[in-house]
Each structure stands twice: as C-alpha cells, then as structure tokens.
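Participant: Just need the structure, nothing else, for what follows:
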Amino acid sequence: MKTKINKTNEVRNHLLKGKTITSLQAFQFWNATRLSSIIFNLRRQGLNITSTDVEIGGVKFSRYKWVKKGSGVWNG
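Facilitator: Sure thing, here's the model as predicted:
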C-alpha cells in the first residue's frame, strides 16, 4: 500500500534535506497556498524553523529553513 504524502509532509521532507522554501516555491512544487500555516504547524510539532525576510525587486517575502537543535540557532 502506498502512503499518501500531504503538503505538510512534503514541506517537512524538503526542509529536513537542508533546503530552504518560500511561498512561491511551495506553490510551484506542491500547489501549496498557505505555507505560513504549514510552517506554524511544523513548529508546533517541534521543528526548529527559522525565517528570513527577503526583498527582491520590491517584493517582500519570507524564506524558511530548518535548523538542527543544538546548533546555536533558535527561532522562538
């Protein structure tokens, strides 16, 4: 039996591979339109996810990254 992967699991797997994610990328990869909600839920599940504000061409957005606990970086 094949396990269905939902958008939250897709984002979790992406971050745990050491990759960053933005709202535009989440939409392009998985048609996920509420990345901030997914990140909120992943943080509640215990993942240490940092966010960095980015501005490109006058457009502001957040870039999210998972940081291993004990690495000295915490986004609390």
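Participant: how far is the helix or strand that contains residue 54 from where the chain is centred?
Facilitator: Per DSSP states H and E: residue 54 is located in strand 49-56. Strand 49-56 sits 11 Å away from the centroid of its parent chain (C-alpha atoms, centre = their mean, to the nearest Å).
Participant: now swap in stretch 43-50 and tell me
Facilitator: From the chain centre to the centre of stretch 43-50 is a distance of 9 Å (C-alpha atoms, centre = their mean).
Participant: swap in stretch 16-34?
Facilitator: For stretch 16-34, the distance to the chain centre is 7 Å (C-alpha atoms, centre = their mean).
Participant: Quick one: end-to-end length of it, please.
Facilitator: Terminal residues of stretch 16-34 lie 19 Å apart, using C-alpha to C-alpha, to the nearest Å.
Participant: any idea of the mean pLDDT for it?
Facilitator: What stretch 16-34 shows for mean pLDDT is 96.
Participant: and what of stretch 43-50?
Facilitator: pLDDT averaged over stretch 43-50 gives 96.
Participant: For that stretch, C-alpha coordinates in PDB please.
Facilitator: C-alpha atoms of stretch 43-50 as PDB (Å, rounded to 0.1, in the frame of the first residue of the first chain):
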ATOM      1  CA  ARG A  43       6.900  24.400  14.600                       C
ATOM      2  CA  ARG A  44       4.100  23.200  16.900                       C
ATOM      3  CA  GLN A  45       5.300  19.700  16.100                       C
ATOM      4  CA  GLY A  46       8.800  20.600  17.400                       C
ATOM      5  CA  LEU A  47      10.700  21.500  14.200                       C
ATOM      6  CA  ASN A  48      13.100  24.400  14.700                       C
ATOM      7  CA  ILE A  49      12.400  26.500  11.600                       C
ATOM      8  CA  THR A  50      13.900  30.000  11.100                       C
END
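Participant: Looks like residue 53 contacts residue 62 (just checking).
Facilitator: Yes. Residue 53 lies in contact with residue 62 (C-beta atoms under 8 Å); the separation is 6.0 Å. All C-beta atoms are positioned from the backbone trio N, CA, C, and that covers glycine.
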